[in-house]
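# Next come a sequence and a model predicted from it.
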Amino acid sequence: MAKKGKSQILVEFWTAKVVFAFLGFLPRSAAVAIGLAFGRFGFSVLGGMRRTALVNLELAYPTMALEERLKI
């Protein structure tokens with residue numbers, strides 16, 4: 001994986017900071033709903049990372065059913 005430049009790191013940091021600050025002003029239920037939506041979107045879009053995450057969960061929880069690992 002290529003090393004990130006300083007400008008990319010700063011953009012990612014400030015984007016995350018603004019998003020989290022915005023979520024902090026929302027009622028908890030709304031913030032949780034938005035967080036779940038972002039998580040589901042990311043899970044569906046980032047295929048390679050999704051596969052890695054599922055393999056890691058399978059290694060960590062070998063007796064857990066796939067449906068339960070997908071909920072995590």
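Now that the structure is in, tell me what you want to look at.
# Low-confidence stretches in the chain?
Counting by pLDDT under 70, the chain has low-confidence residues at 1.
# Give me the most central residue, it.
Centroid-nearest residue in the chain: residue 39, 4.9 Å away (criterion: CA atoms, centre = their mean).
# What's the separation between it and residue 71?
From residue 39 over to residue 71 the distance is 11 Å, taken as CB to CB, to the nearest Å. Every C-beta, even on glycine, is put in place using the N, C-alpha and C of the backbone.
# For the protein, which segments count as helices?
Applying DSSP state H to the chain gives helices spanning 6-25, 28-45, 47-60, 66-71.
# can you list contacts of the third one?
Among residues not part of helix 47-60, those counted as contacts by CB atoms under 8 Å, 6 or more residues apart in numbering are 43, 44, 64, 69, 70, 72.
# hmm, 10 Å instead?
42, 43, 44, 46, 64, 66, 68, 69, 70, 72 (CB atoms under 10 Å, 6 or more residues apart in numbering).
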